[in-house]
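Trainee: Mind folding the following:
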Amino acid sequence: MEKLTNKEEEIMHILWKLEKAFIKDILAEYNDNKPHYNTLSTMVRNLEDKGYVSHEAFGKTHRYFPIVKKENYRKNFINTAIDNYFNSSYKNVVSFFAKEEKISVEELKDIIRLIEEQK
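Mentor: The predicted structure is shown next:
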């Protein structure tokens, strides 16, 4: 699965939300920093070339839809990040968040409970 740029990920989040959309529909989802229509159209076609998006033709216009599920992309993204930044260690991930004070003791206890329930 090819890595997406931040802008491509932003488009994919919109498509995952809308499920099917014309370029104008995608454009309407932007709050700030709306790309130009033609720029957005090019980025969506690039996503199609990368295998993330497909389309249905309606005359000269296309309605796009994601063909990669959000869950599959998330799993690949997380696994790649853990491999590249945490030496493939989930312990290192949890330690990082604990040191950064992004996870509480209660949340850690909940995680331990979930792990124990899986056994």
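
Trainee: So this structure: which segments form each domain?
Mentor: The record's domain parsing of the chain by automatic domain parsing lists 6-66, 88-119.

Trainee: mean confidence for the longest one?
Mentor: Which is domain 6-66. The average pLDDT within domain 6-66 is 96.

Trainee: Next: the last one.
Mentor: Throughout domain 88-119, pLDDT has a mean value of 90.

Trainee: circling back: closest to I78 out of the domains of the chain?
Mentor: Nearest to I78 among the domains of the chain is domain 88-119; the distance by C-beta to C-beta comes to 9.0 Å. Placement of C-beta: from N, CA and C, glycine included.

Trainee: Would you mark the buried spots in that closest one?
Mentor: V93, I103 (16 or more other C-beta atoms under 10 Å).

Trainee: re the thing from before, need the domains of the chain in CSV (columns: distance to N76).
Mentor: Output for the domains of the chain, formatted as CSV (distance: least, C-beta to C-beta, whole Å):
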stretch, distance to N76
domain 6-66, 11
domain 88-119, 14
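
Trainee: can you pull out the strands in the protein?
Mentor: 53-58, 61-66 (DSSP state E).

Trainee: And those strands: which comes nearest D25?
Mentor: Nearest of these (C-beta to C-beta): strand 61-66, 8.4 Å.

Trainee: Much appreciated, bye for now.
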